[in-house]
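Peer 1: What would the 3D arrangement of this be:
(2 chains)
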Protein chains: 2
Amino acid sequence: MLTNAEIKRIKSLKEKKFRDEYGQFAVEGEKLVEEALCSGFRVSAVYRAEEVGEDAMSRMSSMSSPSPVLAVVDKPAPKGLVLERGLYLGLDAVRDPGNMGTIIRLADWFGISTVFASQDCVEVFNPKVVQASMGSIFRVDVVYCDLPDICRRFRSMDMPVYGTFLNGENMYSQTLADEGLIIMGNEASGISPEVGALASTRLLIPSYARNGRGAESLNVATACAIVLSEFRRR
Amino acid sequence: MLTNAEIKRIKSLKEKKFRDEYGQFAVEGEKLVEEALCSGFRVSAVYRAEEVGEDAMSRMSSMSSPSPVLAVVDKPAPKGLVLERGLYLGLDAVRDPGNMGTIIRLADWFGISTVFASQDCVEVFNPKVVQASMGSIFRVDVVYCDLPDICRRFRSMDMPVYGTFLNGENMYSQTLADEGLIIMGNEASGISPEVGALASTRLLIPSYARNGRGAESLNVATACAIVLSEFRRR
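Peer 2: Next up, the predicted model:
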């Protein structure tokens, strides 16, 4: 039988403060719980509606319609970073959980093993990020870091740092390496000046709007999709 | 002075039933209201917090934090469709308002003037679609239609119908025309069998995950971004 205190504790995991305090996060839904169980993550408990009751499920859930199953998962210990040559993604202040989760799912699809995120990105174990990632958070490492510092490490290893800018150069006619760091910026303000100054190549996704009156910009997750597709196609 | 009845009427526009009844929809935020005013749409009223008060704004708003300005806009009359040669997008049961709005913003960026949507797609004047489109709903025509019928019209004009399928053929090595209809499917079930049978080319966005254990699929808006970018790049 679940106690009220335990239900409250699980419910509290929707807030970063409590995820940090307990070192855990919650995942909901058959598919995500199954992915958690098959992953290298430690699952500390699984609750099913038919065992604990629908009332308890809806009190634990962070979703508007609670799912029939919820797992409590231990956050993995941060890994020491050995930077190998390869293609990586860097996120500069991506704040929207839906965008963050979608980008992690994209990284997973395009074989990017590690995503570097600035400290002011939304946390990867936020329930909306977990949901939007469709389980990809269990396969892609998201490393919160000092992003300018990481850019300098790439440059010092002679790996390019690519940034996407509205005043960059047409991506389709640029040389794109099969290693380096691809930076995507904040939803409203793009890449910060400090990180932007460390980019070795400035990429633009060209617009094909007629009469110069199309959309002013692209959503960060869709821009990321286009850039990753173009790097992998080459 | 705004009456209670008027506030209630405006608030009711967040529901499709009342948008249909009044032939209007609401847009919120400085940028969107400005786009509405510069568009060919008829704006019937604009309300600002400094004029009507913050209390009235928050009672009219469909957002969690109401914006300082809201406009009521007339829905445009459906246009008669003359199908010219060119590149179009077709949406088969896209249900999520965020995906719908993001796809319309993509169409705008990539110069797609008309999007054909099956009748069971989310309505384009839903407040979340309007918001996610970032104003692109004022520039891109979304035509609700019988999608199989539209596919047949493209085929009868010798224009290709492209569908994206998880068991399609690698998109990067296919011939892509600069005219035709590109179909994106439902978030969970993809393209319906009836529409799928009318596709002349089945496209796959290849995964680059290692060891065959990456994400199972892509979000429909990110897949749409990748496909439109590849068509326009050619």
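
Peer 1: Please count neighbours and contacts with C-alpha atoms only from this point.
Peer 2: Fine.

Peer 1: Assign A:Gly101 to helix, strand or coil.
Peer 2: Under the three-state scheme (DSSP: H, G, I helix; E, B strand; the rest coil), A:Gly101 adopts helix.

Peer 1: give the contact list for it.
Peer 2: For A:Gly101, the contacting residues are A:Val124, A:Lys128, A:Val129, A:Val130, A:Gln131, A:Ala132, A:Ser133, A:Met134, A:Ile137, by CA atoms under 8 Å, 6 or more residues apart in numbering or on different chains.

Peer 1: What count of nearby residues applies to the closest residue to the first one other than its chain neighbours?
Peer 2: Read that as A:Val124. In space, not counting the residues next to it along the chain, A:Val124 is nearest to A:Val130; the distance is 6.8 Å by CA to CA, 6 or more residues apart in numbering or on different chains. For A:Val130, the count of nearby residues is 27 (other CA atoms under 10 Å in any protein chain shown).

Peer 1: re the thing from before, any idea which of the contacts of A:Gly101 is closest to chain B?
Peer 2: Set against chain B, the nearest of these by CA to the nearest CA is A:Met134 (7.7 Å).

Peer 1: Was I right to think that closest one contacts A:Val33?
Peer 2: No - with contact defined as CA atoms under 8 Å, A:Met134 does not reach A:Val33; the gap is 10.5 Å.

Peer 1: Tell me if the residue nearest to A:Val124 really is in a helix.
Peer 2: Yes - counting by three-state DSSP, A:Val130 is located in a helix.

Peer 1: how far away is A:Ser207 from chain B?
Peer 2: Distance of A:Ser207 to chain B, given as CA to the nearest CA, to the nearest Å: 5 Å.

Peer 1: That residue contacts B:Trp109, correct?
Peer 2: Yes - the criterion here is CA under 8 Å, and A:Ser207 meets it with B:Trp109 at 5.2 Å.

Peer 1: Common neighbours of these two, please.
Peer 2: Shared contacts of A:Ser207 and B:Trp109, counting by CA under 8 Å, 6+ apart, come down to A:Gly214.

Peer 1: Near chain B, which residues of chain A are found?
Peer 2: Neighbours of chain B within chain A, by CA under 8 Å from any CA of the partner chain: A:102, A:105-106, A:108-112, A:134-136, A:139, A:172, A:207-210, A:214-219, A:221-223, A:225-226, A:229, A:232-233.

Peer 1: which of the residues you listed count as buried?
Peer 2: In those, burial by neighbour count holds for A:102, A:105-106, A:108-112, A:134-136, A:139, A:172, A:207-209, A:214-215, A:217-219, A:221-223, A:225-226, A:229, A:232, counting by 16 or more other CA atoms under 10 Å in any protein chain shown.

Peer 1: Quickly list the domain ranges of chain A.
Peer 2: For chain A, the structural domains run A:4-74, A:87-233, going by automatic domain parsing.

Peer 1: With mean pLDDT as extra columns, can I get these in TSV?
Peer 2: As requested, the domains of chain A are arranged in TSV below (pLDDT from 0 to 100):
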stretch	mean pLDDT
domain A:4-74	94
domain A:87-233	94
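
Peer 1: highest average neighbour count across those domains?
Peer 2: Each of these was assessed for mean neighbour count using mean count of other CA atoms under 10 Å in any protein chain shown. The highest is domain A:87-233, with a mean of 20.

Peer 1: got the CA coordinates for stretch A:118-128 in CSV?
Peer 2: Presented in CSV, the C-alpha positions along stretch A:118-128 are these (Å, rounded to 0.1, in the frame of the first residue of the first chain):
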residue,chain,number,x,y,z
SER,A,118,24.6,25.3,-21.1
GLN,A,119,23.6,25.5,-17.4
ASP,A,120,20.6,27.6,-18.3
CYS,A,121,19.0,25.0,-20.5
VAL,A,122,15.9,23.3,-19.2
GLU,A,123,16.8,20.2,-17.2
VAL,A,124,16.6,16.9,-19.1
PHE,A,125,14.7,15.1,-16.4
ASN,A,126,11.8,17.6,-16.4
PRO,A,127,8.7,15.5,-17.1
LYS,A,128,7.8,17.4,-20.3
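
Peer 1: Are there helices or strands packed against whatever helix or strand A:Leu181 lives in, and which ones?
Peer 2: Using DSSP states H and E, the secondary-structure element containing A:Leu181 is strand A:180-184. Here strand A:180-184 is seen to pack against strand A:87-91, helix A:147-156, strand A:161-170 when contacts are counted using 3 or more CA pairs under 8 Å, 6 or more residues apart in numbering or on different chains; DSSP states H and E.

Peer 1: returning to that earlier point: mind checking which of the residues of chain A next to chain B land in helices?
Peer 2: Among those, the subset assigned to helices under DSSP state H consists of A:102, A:105-106, A:108-109, A:221-223, A:225-226, A:229, A:232-233.

Peer 1: Widest-spaced pair of those?
Peer 2: The two members of those with the most space between them (CA to CA) are A:Thr102 and A:Arg233, at 20.0 Å.

Peer 1: contacting residues for A:Gly23?
Peer 2: Neighbours of A:Gly23 in contact, by CA under 8 Å, 6+ apart: A:Asp74, A:Lys75.

Peer 1: Got the phi and psi for it?
Peer 2: When read as degrees, to the nearest 10, the backbone of A:Gly23 gives phi 70, psi 30.

Peer 1: and if you look at the one 4 residues further on?
Peer 2: A:Val27 has phi and psi values of phi -130, psi 150 when expressed as degrees, to the nearest 10.

Peer 1: re the thing from before, now distance to A:Ala177 too, for the helices and strands packed on strand A:180-184, in CSV please.
Peer 2: What follows is the helices and strands packed on strand A:180-184, written out as CSV (distance: least, CA to CA, whole Å):
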stretch, distance to A:Ala177
strand A:87-91, 9
helix A:147-156, 13
strand A:161-170, 10
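
Peer 1: looking at these, which is closest to B:Leu166?
Peer 2: Minimum separation from B:Leu166 across the helices and strands packed on strand A:180-184 (CA to CA) falls at strand A:87-91, 24.5 Å.

Peer 1: For the closest one, which strands pair with it and how are they oriented?
Peer 2: Pairing partners of strand A:87-91, with direction, according to DSSP bridges: strand A:114-118 (parallel), strand A:180-184 (parallel).

Peer 1: now those strands as TSV including distance to B:Glu15?
Peer 2: Converted to TSV, these look like this (distance: least, CA to CA, whole Å):
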stretch	distance to B:Glu15
strand A:114-118	38
strand A:180-184	35
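
Peer 1: Give me the nearest residue to A:Ser61, chain neighbours excluded.
Peer 2: For A:Ser61, the nearest residue in space outside its immediate sequence neighbours is A:Lys11; the separation is 6.3 Å by CA to CA, 6+ apart.

Peer 1: same question, A:Leu198
Peer 2: The shortest distance from A:Leu198 to any non-neighbouring residue, by CA to CA, 6+ apart, is to A:Cys151 (6.4 Å).
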